[in-house]
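Chemist: mind looking at a prediction? Sequence and model below.
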Amino acid sequence: MKKLCFALLVAIALPTIGLAQAAPAATPNVSNYFPVSDVKPGMKGYGMTCFQGSTPERFEVEILGVLEGQPNPKQNIILARLTGKQVDRTRVFAGMSGSPVYLDGKMVGAVAYAFAFSTEAIAGITPIGQMVGQLKDGPVGAPRATRGDVSFKDLVAARGVSAAAPSYLGSLPTPEAISGTAVAASAPELAAFAGQALKPIATPVSFGGIPQSVIDRFAPQFERLGLVAVAGVGGGSSAIEPMAPVPDQTLTPGSSVTVALIRGDFTSGAAGTVTERVGDRVYAFGHPFLSLGATAVPMAESSVIVVVPSLNNSFKFVKTSHTVGAISQDRSSGISGELGREAKMVPVHVSFKNSHGEVDQYNYEVINDPMLAPLFINMTLMATVIGTERQIGDQTIDLNGTIKLAGQPEIDLENRFAGNQNAAAAASMSVAQPLQLLMGSGFKGVDVTGVDVTITASEDRDVGSLTRVWVDKTRVGRGETVEVQAFARTEEGEEYVERIPIEIPRDAPVGKLAIVVGDGASMVASDETFAGFAPENLGQLVAGINRLKKNDRLYVKLVRATGGAVVENQALTALPPSMMSSLGSPRASAGVTPLQTTTLLEKELSPAKFIVSGQQAITVNVVR
C-alpha cells in the first residue's frame, strides 16, 4: 500500500517537474535506417522533395558509391544519380538540401552535396545515422561570440560621410569542398568526376522588402556562407505572430522548411528540406547552415512557389507560413530543431520620414546572432531609405535612436550623414557597427532587447568645412574667459561663425595651452585615450561606445602637453617623470598606453545647420 501511494505521488509530481525541465526528446531508432555499410553501387531507391506547393514528390535514385572519411573524419557521403521528370529539368537545386532518400523502404540519408555546373543530377547524400548521431539536443540559446577583440577603428570610420559595406564574417572559413581527385584512386567508379568539387548545396535565402541593389552590396558575404541571396517573395513570416499548432502533418520528411532570419515588415528566410521527424524533433539540410552549433533560430513551415532552373545554380522560391518551432543545433551533418520551442529574436522599430515629409513605421525582428543581426539591420535600414529616396544625388540623413541592452545603459545613436550617394550606407552602418562590437565582443551578458531608430531624409547636402579659429586674446589668466570664434564655410560659399566662451580652469598650469576645435570624427581620431582602449567587461565597452562623438556638431577642448598614461582604461595625467619611467619599463603591464597630452576641459556645441568637418587649433599663454 505504501508503495502504491508513493507511485501515485510520483505520477502527480512528474507533470509539475516538467514545467521546469522539458521532457526528453524522442530518440530515433537507428535500426529503422538503411546502414551505410550495406550501400553498394548500382542499388536503386527513391527520394522525396517539394518541387511546387507543400506536397513532396518522388524522384528516382541510383547509388554510385560511398566516399569514406568525407566531409570530416569518420563521416561518409553517398554519391548518387538522381532522375525523374522534375529532377531532369532542375537537376540538384538550392533548397533541395535535406531531401530524404530511401533504399529498400528504409531511409538512408539526405541529399546535401552537388557538383557545380554538372549536366546531370549527381548528388552527395549525408547518411541519416550520421545526422541523428551528431545533432543531439544541447543547451539552447543565442550563440555568444568568443573573439573578444574590440577595436574602434571601423566604428570611428563609420562616423564619416561615406562608407563601404563592412565584413561581418571575420575569419569565418568558406564552406568545405571535397576534391574528387583525392578519392578517385580508392573508388575507380568515381574517376569520371576527378578534378571536380563536391560542395554543400547552396541554401537559398529569400528577402522581402529589400531591393536587389542592397542584396548585391552584401552578396560576397552571403557567398562565403554558401548562401544564394535573392530578392522576391519574403522567406520569413510577414507577421510577428505566436507559435502555430504542430499536428502530426507538420514538417514531415520531404516537406519544405524555412529558417526564419527576419520576420515582420521585412522578411528573410533560408529554405531547405526536412529529412526526418521523430516526435517533436526535426532533422534537415544534411549539411551545415552556418555551423552555429547550439543556437536558437525560428523554424517555419513553407511551400514552394517554383523551382527556377539555371545553368549556374537552380534554386527554389518559397513562401513561408507559420512559425512552428526553433532550430537548436547547426553542425556539419545538418540542422535539427524542436517543434513548439520559442526562439528569441531582436526586435527593431524604425520610424522613417522621407524627403516629402511622409512618415512610415517599420516593425520587425532579426535573428539574435552576433554575426547576422548587425548584417540584417544594416541591410534593412539601407532598404528603408532606398525604398523611397534617390540613390544618386545630394542627400542628408538624420538618425536618432537607441540600442537597448538588458542591465546596461542604452547605446545612444545620434548622427547626421550627407553625400551624393553613400549617406544611406553610412547611416545604416552607424547602427550596425556598434551592434557588431557589442554582440561580437565575447563578453558575457550581452542581451540586446531592442533597436529603436528614427531616420529623416532630405534631398540636400548640408556640408561645410571648418576653415579657421580666432581668439580675442592670447595671454590669459587663470579663471579668465577667452572667446573662441570658429569659422566654417558651406559648399555654396556661405560663411558662418560660432562664438564659444572658454573659461580657463583656476588650477591650469602656467604656460602654453592649445585650444582645439573640430568635428566629432576628427576629435575621436586624435583622442589618445582611445588608442589603448581595451575594455575588460561589457560595462566598459558600453561606456566607450557612448563616448564616441557626433559628426553634426563641433567640439572644443583645452589641451596641454604633459606626461601621462592610460592604465587599465583609466587616464592618469600630470604624472611625475619617475612614474612615467616605471610605466614605460619592459617589466610594466602591457595594458599601459603613454599620453603626450592632457585634456583640461571639453565642450560639446549644439548641432550645426550643416555637417562641419575639419579640425583647427590655436595656442594661448596662461600667465599668473
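Modeler: Done, it's in. Residues are numbered from 1 along each chain as shown.

Chemist: residue 489: which element?
Modeler: Here residue 489, judged by DSSP states H and E, is contained in strand 481-490.

Chemist: elements contacting that strand?
Modeler: strand 463-471, strand 495-503, strand 511-519, strand 554-567, strand 615-623 (3 or more CB pairs under 8 Å, 6 or more residues apart in numbering; DSSP states H and E). No exception for glycine: its C-beta is placed from N, CA and C like everyone else's.

Chemist: buried set for stretch 332-341?
Modeler: Buried residues in stretch 332-341, counted by 16 or more other CB atoms under 10 Å: 332, 333, 334, 335, 336, 337, 338, 339, 341.

Chemist: show me which of those is closest to residue 272.
Modeler: Set against residue 272, the nearest of the buried residues of stretch 332-341 by CB to CB is residue 335 (7.7 Å).

Chemist: mind checking what secondary structure that closest one has?
Modeler: Classification of residue 335 using DSSP: H, G, I helix; E, B strand; the rest coil returns strand.

Chemist: quick one: it and residue 258 touch, right?
Modeler: No: when contacts are counted by CB atoms under 8 Å, residue 335 is not listed as touching residue 258 (11.5 Å).

Chemist: any residues in contact with both of those two?
Modeler: Listed as contacting both residue 335 and residue 258 by CB atoms under 8 Å, 6 or more residues apart in numbering are residue 272.

Chemist: can you name the element that comes right after the host helix or strand of residue 434?
Modeler: Using DSSP H and E, residue 434 sits within helix 423-439. Next in sequence after helix 423-439, counting helices and strands by DSSP H and E, comes strand 448-458.

Chemist: who's in contact with that following strand?
Modeler: With CB under 8 Å, 6+ apart as the test, strand 448-458 has contacts from 346-355, 368, 373, 377, 381, 384-385, 388-389, 395-406, 413, 424, 427, 431, 435, 438-439.

Chemist: repeat that for 7 Å
Modeler: 346-355, 377, 381, 384-385, 389, 395-406, 413, 427, 431, 435, 438-439 (CB atoms under 7 Å, 6 or more residues apart in numbering).

Chemist: name the nearest residue to the spatially most central residue of the chain, sequence neighbours excluded.
Modeler: With distances taken as CA atoms, centre = their mean, residue 372 lies nearest the centre of the chain, 2.0 Å away. Of all residues not flanking residue 372 in the chain, residue 261 sits nearest, at 6.6 Å (CB to CB, 6 or more residues apart in numbering).

Chemist: and what of residue 470?
Modeler: Nearest one to residue 470, counting by CB to CB, 6+ apart, is residue 485 at 4.5 Å.

Chemist: from residue 495, how far off is that neighbour?
Modeler: Distance of residue 485 to residue 495, computed by CB to CB, to the nearest Å: 11 Å.

Chemist: the more surrounded of the two?
Modeler: When residue 485 and residue 495 are compared for neighbours, residue 485 comes out ahead with 14 against 10, by other CB atoms under 10 Å.

Chemist: mind checking what secondary structure residue 131 has?
Modeler: Three-state assignment for residue 131 (three-state DSSP): helix.

Chemist: I figured it hits residue 334, correct?
Modeler: Yes: with contact defined as CB atoms under 7 Å, residue 131 counts as touching residue 334 (4.9 Å).

Chemist: which neighbours do the two have in common?
Modeler: With CB under 7 Å, 6+ apart, residue 131 and residue 334 have common neighbours 110, 275, 283, 286.

Chemist: who are the neighbours in contact with the residue lying closest to residue 91 once chain neighbours are set aside?
Modeler: In space, and not counting its chain neighbours, residue 91 is closest to residue 121: 4.4 Å by CB to CB, 6+ apart. If a contact means CB under 7 Å, 6+ apart, then residue 121 has 81, 82, 83, 87, 91, 92 as its contacts.

Chemist: filter these down to the buried ones, ChimeraX style.
Modeler: Burial among these is assessed by 16+ other CB under 10 Å; the matching ChimeraX selection reads:
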select :82,83,87,91,92
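
Chemist: could you redo the contacts of residue 121 as TSV and give each row distance to residue 58?
Modeler: As requested, those are exported to TSV (distance: CB to CB, whole Å):
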residue	distance to residue 58
81	15
82	11
83	11
87	10
91	17
92	16
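
Chemist: in strands, which of the contacts of residue 121 appear?
Modeler: Among the contacts of residue 121, the residues falling in strands (DSSP state E) are 81, 82, 83.

Chemist: now the second one: how far from residue 40?
Modeler: When distances are taken as CB to CB, residue 82 and residue 40 turn out to be 18 Å apart.

Chemist: re earlier: out of the shared contacts of residue 131 and residue 334, who has the most neighbours?
Modeler: When neighbours are taken as other CB under 10 Å, the top entry among the shared contacts of residue 131 and residue 334 is residue 110 (35 neighbours).

Chemist: and it, bridged to which residues?
Modeler: Beta-bridge pairing of residue 110 under DSSP bridges involves residue 100, residue 126.

Chemist: show me the contacts for it.
Modeler: Residue 110 sits next to 98, 99, 100, 125, 126, 128, 131, 275, 286, 334 when contact means CB under 7 Å, 6+ apart.

Chemist: in strands, which of the contacts of strand 448-458 fall?
Modeler: Filtering the contacts of strand 448-458 for strands - DSSP E - leaves 346-353, 395-405, 413.

Chemist: state the helix or strand in which residue 524 lies.
Modeler: Per DSSP H and E: residue 524 is located in helix 520-525.

Chemist: which residue ranges of the stretch 201-350 of the chain form strands?
Modeler: Using DSSP state E, counting those that start in this stretch, the strands found in the stretch 201-350 of the chain span residues 203-208, 227-231, 256-264, 267-278, 281-284, 293-308, 315-331, 334-339, 345-353.

Chemist: neighbouring strands for the second one, and are they parallel or not?
Modeler: Read it as strand 227-231. Here, using DSSP bridges, strand 227-231 pairs with strand 203-208 (parallel).

Chemist: neighbours around residue 290, how many?
Modeler: Around residue 290 sit 23 other residues, with neighbours defined as other CB under 10 Å.

Chemist: so it makes contact with residue 225?
Modeler: Yes: with contact defined as CB under 7 Å, residue 290 counts as touching residue 225 (6.0 Å).

Chemist: before we move on, the earlier item: and the contacts of the strand holding residue 489?
Modeler: With contact meaning CB under 7 Å, 6+ apart, strand 481-490 is reached by 464-473, 476, 495-504, 515, 517, 554, 556, 610, 612, 620.

Chemist: of the residues you listed, buried ones?
Modeler: For the contacts of strand 481-490, buried by 16+ other CB under 10 Å: 464, 466, 469, 471, 476, 498, 500, 502, 504, 515, 517, 554, 556, 610, 612, 620.

Chemist: check contacts around the last one.
Modeler: If I follow you right, that is residue 620. By CB under 7 Å, 6+ apart, the contact set of residue 620 is 471, 474, 476, 482, 513, 515.

Chemist: ok, what's across the strand from the closest residue to the fifth one other than its chain neighbours?
Modeler: Nearest in space to residue 513, with sequence neighbours left out and distances taken as CB to CB, 6+ apart, is residue 560 at 5.1 Å. The bridge-partner assignment for residue 560, based on DSSP bridges, gives residue 598.

Chemist: where does residue 226 land on pLDDT?
Modeler: You'll see residue 226 listed with a pLDDT of 75.

Chemist: run a quick neighbour tally on it.
Modeler: 21.

Chemist: pretty sure it sits against residue 205.
Modeler: No: in this structure, residue 226 is not within contact of residue 205 by CB under 7 Å, at 10.2 Å.

Chemist: buried ones in stretch 71-78, by neighbour count?
Modeler: Using 16+ other CB under 10 Å as the test for burial, stretch 71-78 gives 71, 75, 76, 77, 78.

Chemist: correction: the previous question concerned stretch 105-113.
Modeler: Within stretch 105-113, the residues that qualify as buried by neighbour count (16+ other CB under 10 Å) are 107, 108, 109, 110, 111, 112, 113.

Chemist: now, which of those sits nearest residue 327?
Modeler: Taking CB to CB as the measure, residue 327 sits nearest to residue 110 out of these, at 15.3 Å.

Chemist: show me where the protein dips below the pLDDT cut-off.
Modeler: 1-26, 137-196, 231-241, 528-533, 563-596 (pLDDT under 70).
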